[in-house]
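K.L.:
Here is my input, please return the structure:
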Amino acid sequence: MHPTTAGTFRVYPGRRDDEWLFLEVESADPSYVPADAAPDVTPGNRVAATLEWDDETPTVADCEVLEETRFRFVRTDEPIFQAAQACFEEARSAGEAMNSRVTYSTDNEPNGVVYTFADQPGQRDLFAEFRDGVKPLEPLVARAAESTAPPFSVWVLDPQEPFVLVYIVLDPDGLLEETMRDTYR
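P.N.:
Numbering: from 1, shown residues only. Below you'll find the model as predicted:
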């Protein structure tokens with residue numbers, strides 16, 4: 001019998017194409033699971049899972065999707081939308097490294113939340129920290145879930161700007177998500 005770890009995890013892309021990162025939600029402890037040893041999971045999903053350890057390599061013994069959310073990580077040369085630019089400019093003028101704002105549809109309904117994080121050149125690659133789970137997205141997703149029920153689509157973009165942005169799209173089947181896919185895929 002192999003030791004097991006049971007818990008709630010957020011699924012991230014792994015360090016390589018042939019693995020997943022299961023990041024424990026409460027402790028942020030990482031477990032790298034070979035892709036062929038995991039069920040058909042999607043980066044961003046929140047899952048209840050039991051990992052079975054054979055030596056140093058875990059396999060997924062049991063997995064249930066608790067919340068469907070999709071994470072996308074894109075380094076891009078595409079222009080960044082005005083709400084993100086304005087969000088960053090507000091942070092910069094206030095001397096802050098981070099800022100957030102709710103975005104609205106043409107019907108004036110909330111459709112997303114954008115967060116901007118000032119680059120820290122030479123010190124940290126914030127985009128990589130988000131992608132690798134070093135800087136968990138869980139608190140931002142949890143904050144969005146306080147007012148709107150998941151599923152969400154979460155875009156982490158590293159544009160040709162002095163900031164990294166996280167955009168939580170509240171309707172993964174809506175027009176905003178379609179626009180994000182068309183622009184930043």
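
K.L.:
So for stretch 59-79, what gets flagged as buried?
P.N.:
Buried residues in stretch 59-79, counted by 16 or more other Cβ atoms under 10 Å: 60, 63, 65, 66, 67, 69, 70, 71, 72, 73, 74. For the C-beta atoms, the positions are set from N, CA and C on the backbone; glycine is no exception.

K.L.:
Return the member of the residues you listed nearest to residue 8.
P.N.:
Taking Cβ to Cβ as the measure, residue 66 is the one of the buried residues of stretch 59-79 closest to residue 8, at 6.8 Å.

K.L.:
just for the chain, where's the confidence low?
P.N.:
Residue ranges of the chain with pLDDT under 70: 39, 121.

K.L.:
what helices or strands is the longest helix along it leaning on?
P.N.:
Of all segments of type helix in the chain, defined using DSSP state H, the longest is helix 82-94. Applying 3 or more Cβ pairs under 8 Å, 6 or more residues apart in numbering; DSSP states H and E, one finds that helix 82-94 contacts strand 98-104, strand 110-118, strand 163-169.

K.L.:
Let's have the ones you listed in a markdown table, adding distance to residue 38.
P.N.:
Formatted as a markdown table, the helices and strands packed on helix 82-94 follow (distance: least, Cβ to Cβ, whole Å):
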| stretch | distance to residue 38 |
| --- | --- |
| strand 98-104 | 32 |
| strand 110-118 | 29 |
| strand 163-169 | 25 |
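
K.L.:
who touches stretch 116-131?
P.N.:
Stretch 116-131 has contacts (Cβ atoms under 8 Å, 6 or more residues apart in numbering) with 12-13, 73, 75, 84, 87-88, 91-92, 97-100, 134-135, 137, 156, 158, 162-166.

K.L.:
in the helix or strand containing residue 128, what counts as buried?
P.N.:
Remark: residue 128 resides in helix 126-131, with elements defined by DSSP states H and E. Neighbour counts over helix 126-131 (16+ other Cβ under 10 Å) mark 126, 127, 130, 131 as buried.

K.L.:
tell me the contacts of residue 136?
P.N.:
The neighbours of residue 136, taking Cβ under 8 Å, 6+ apart as the test, are 10, 23, 28.

K.L.:
So residue 64: helix, strand or coil?
P.N.:
For residue 64, the assignment made with DSSP: H, G, I helix; E, B strand; the rest coil gives strand.
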